[in-house]
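> build me a structure from this.
(chains A and B)
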Amino acid sequence: MAILEIQHVSKFFGGLAANADVYFTVEQGMIMGLIGPNGAGKTTLFNCITGYYPPSKGEVKFNGERINGLLPDRVCKLGMARTWQKVRPLANMTVIDNVMVGALCRTNSLKAAREMAMEQLKVVSIEHKAGFLAGGLPIGERKKLEVARVLATQPKLLLLDEVMGGLNPTESEELIHLIIDIKNKGITQMIIEHDMKAIMRISDRIVVLNSGEKLAEGSPEEIVNNQDVINAYLGDSHI
Amino acid sequence: MNMKIFLANIAGYSPVKILLTIAVLAFLFLFPHFVENPYALHIMILLFLSTIMGESWNILGGYTGQYSVGHAAYFGTGAYITMMLMQYRQVPPWYGVWAGAAVVVVVALVIGSICFRLRGPYFVLASIAVAEIMRLSALNLKDITNGAEGILATEIPPLKIGATVVTDFLSKVPFYYTGLTFALLTIAVTYLVQHSKLGYYFQAIREDQDAAHSLGINLSLYKNISLVISAILTSLAGSFYAVYIGFIDPSTVFPLDISVQIVLICIIGGIGTIFGPVIGALVLVPLSEALRSNMIAEAIFKTGMVTEESGPGQFLKENLAHAHALIYGILVVIVILFMPDGVLGFMKKLLAKRMK
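Numbering: from 1, shown residues only, chains lettered A, B, ... in the order given. Next up is the predicted model:
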């Protein structure tokens, strides 16, 4: 069953088409990779899906329900959560409080929220930092905090925007395991990533964007062998 | 539920803190029994007033991060509604205060729906503009507000429960207790906000609006809730001020000065903390009184560095009181430069260093 349907979505900024007629569907339980060169419109597409921008044209359907025009908080309540390319910790709040803000989306009780938050901190294994200020964490832990915080909103679909960007190989490896754990919980994921090895390893299916348009879609094997994708993005060295 | 949290927190406090709280409360409640000096009572009442003003702005500015520099709008509206009801309709102020608060809720929702479309410096400018509109309206709607002549309270009806007169508001003592009650009320409200979902959501909005939005926080709803709580408490301060002073006009309850004063109490004391505004009031009220009443010049004479009769002495005597705004301003700049987290934050850091 399709959890997310992107139907001919376009987004114009003045005369510039950041997204032009993008269409694909994300099936329940899968990991969908979204790749493409810088400026291809990947983050814009995330913004259109999660309610930060209304799409100029086209429809976004989540669980069969049309969601364009809904604001981000409504989209989050429906069960779709996103992380940010540039992490956005609530810097002057503690790590546990950050995650509690996410959990409070599903409960009004602070006690319940604290328990839910602690659980998610354990999932991303930074529970020992619970009492630290979020602004003081190193980048690897900030990325994990970001993931814990969205997990606390109990999403059905998780959109991860370059969650491995700026991490060292060990940290990247930890995040890959985390993403696979999340998949095993039955949470569908759509992931923007520039680390090709990682994205090929974890994705069930990949969509390639180029200059705002969909260039290709297919399994990781199909994508690495697609001549258009090689020309536009991957380059010859990947073959 | 909240009561439970409250008790749980009490249980978590050290006995020293509990004893200290009880001692401070006892001191405040017994103060008028030992001190009859009206000036001392007046200073205490000003302290309570500043605390209410600071705490109420703190909810919107300190916790939610929306730097309104137009809180005079709510202060003045509360003051005017209470005074108009008392003078023109003979409604006792202890009912009028709540009528004022109710009107302020409406005003706040209108202002919020306009200003919260803007962010950062644009929000600040819009909040100033709206407060100025309120001031000019009060000045020009002469039929309702009596314009620039203002409203003088000729008689405050005594507070009665049944047939017994509780107080007649003739001395400063009943105002002292009213101010104390309102101040404790605002502190209690701040405490409850901080220890609830509201507090978490407000702070999340302060830290990062977009991130907060993506975590399921309805920005305009929670900003408006914060504004309404803040505005109601500010209107209590305005009503209290009006009845205490006994006279209001647009330039005393609606000016930009009041809005700035409210913000300063918070910034000086420590923004986004429960006791920051209390500290801010404790610093600013005595400072401004000392400067205004020429106490500093007299203190200099007492040290003997300068005699009152000498040339510089005469100069100080004549000019220091007039320069109080200037000196006040310089001191505020110094505090902001060297104590960016306010006096409370500074003291906490100092304590932490000592502990190490």
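
> C-alpha from now on. contacts and neighbour counts both.
OK.

> strands of chain B, residue ranges please.
Secondary structure of chain B (DSSP state E): strands at B:151-152, B:159-161, B:164-167, B:247-248.

> distance check, the residue of the stretch 151-300 of chain B found nearest chain A against residue A:117.
Here the residue of the stretch 151-300 of chain B nearest chain A is residue B:216; by C-alpha to the nearest C-alpha that distance is 3.8 Å. In this view, residue B:216 and residue A:117 are 15 Å apart by C-alpha to C-alpha, to the nearest Å.

> relative to residue A:77, which of the strands of chain B is closest?
strand B:247-248 (48.0 Å; C-alpha to C-alpha).

> need the contact partners of the closest one.
B:79-80, B:150-153, B:242 (C-alpha atoms under 8 Å, 6 or more residues apart in numbering or on different chains).

> the lengthiest helix in chain B: how far from the chain's middle?
If you go by DSSP state H, chain B has its longest helix at helix B:219-245. Relative to its chain's centre, helix B:219-245 lies at 10 Å (C-alpha atoms, centre = their mean, to the nearest Å).

> want to throw the strands of chain B into a markdown table with mean neighbour count and mean pLDDT?
Listed next are those as a markdown table, based on neighbours: other C-alpha atoms under 10 Å in any protein chain shown; pLDDT from 0 to 100:
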| stretch | mean neighbour count | mean pLDDT |
| --- | --- | --- |
| strand B:151-152 | 18 | 89 |
| strand B:159-161 | 13 | 77 |
| strand B:164-167 | 12 | 76 |
| strand B:247-248 | 21 | 92 |
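
> right, so of the ones you listed, which gets closest to residue A:8?
strand B:247-248 (62.4 Å).

> for residue B:120, find the nearest of the strands of chain B.
Closest among those, using C-alpha to C-alpha: strand B:247-248, at 32.1 Å.

> where's the closest one relative to the chain centroid, distance-wise?
Here the centre of strand B:247-248 is set off from its chain's centre by 18 Å, with C-alpha atoms, centre = their mean.

> each with direction, which strands does that strand pair with?
Note on strand B:247-248: by DSSP bridges, its sheet partners are strand B:151-152 (antiparallel).

> what does chain A put close to chain B?
A:50, A:72-77, A:81-82, A:88-93, A:97-98, A:101-102, A:104-105, A:108-110, A:150, A:153 (C-alpha under 8 Å from any C-alpha of the partner chain).

> buried members of the residues you listed into ChimeraX, please.
Those of those that count as buried under 16 or more other C-alpha atoms under 10 Å in any protein chain shown are selected in ChimeraX with:
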select /A:50,72,73,74,75,76,77,81,82,88,89,90,91,92,93,97,98,101,102,104,105,110,150,153
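
> of the residues of chain A next to chain B, which belong to strands?
A:81-82.

> now what about the helix or strand hosting residue A:174, what contacts it?
Using DSSP states H and E, residue A:174 maps to helix A:169-184. Contacts to helix A:169-184, defined as C-alpha under 8 Å, 6+ apart, come from residues A:29-31, A:123-124, A:140, A:144, A:163-164, A:189, A:198, A:202.

> which non-adjacent residue is nearest residue B:82?
Take residue B:82 and drop its neighbours on the chain: the residue closest to it by C-alpha to C-alpha, 6 or more residues apart in numbering or on different chains is residue B:96, 4.6 Å away.

> surely that neighbour meets residue B:81?
Yes - if you go by C-alpha atoms under 8 Å, residue B:96 and residue B:81 touch, sitting 7.0 Å apart.

> out of the two, which sits in the busier spot?
Between residue B:96 and residue B:81, residue B:81 has the larger neighbour count (other C-alpha atoms under 10 Å in any protein chain shown), namely 25 against 22.

> the more buried one touches residue B:99, doesn't it?
Yes - counting by C-alpha under 8 Å, residue B:81 touches residue B:99, with 7.2 Å between them.

> okay, the strands of chain B in CSV with distance to residue B:42 next?
CSV is the format used below for those (distance: least, C-alpha to C-alpha, whole Å):
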stretch, distance to residue B:42
strand B:151-152, 19
strand B:159-161, 21
strand B:164-167, 18
strand B:247-248, 16
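
> what does the stretch 201-350 of chain B put close to chain A?
Counting by C-alpha under 8 Å from any C-alpha, the residues of the stretch 201-350 of chain B lying close to chain A are B:201, B:203-204, B:207-208, B:211, B:213-218.

> let's see 6 Å
B:207, B:213-218 (C-alpha under 6 Å from any C-alpha of the partner chain).

> I'd like to know how far the closest residue in space to residue B:282 that isn't next to it in sequence sits from residue B:53.
For residue B:282, ignoring the flanking residues on the chain, the nearest one in space by C-alpha to C-alpha, 6+ apart is residue B:47 at 6.6 Å. With the distance defined as C-alpha to C-alpha, residue B:47 ends up 10 Å from residue B:53.

> okay, those two: which has more neighbours?
residue B:53 (34 against 24).

> which residues touch the residue in chain A that chain B sits nearest to?
Closest to chain B within chain A is residue A:73: 3.8 Å, counting by C-alpha to the nearest C-alpha. By C-alpha atoms under 6 Å, 6 or more residues apart in numbering or on different chains, the contact list for residue A:73 reads B:213-214, B:216-218.

> any of these buried? List them.
For the contacts of residue A:73, buried by 16+ other C-alpha under 10 Å: B:213-214, B:216-218.
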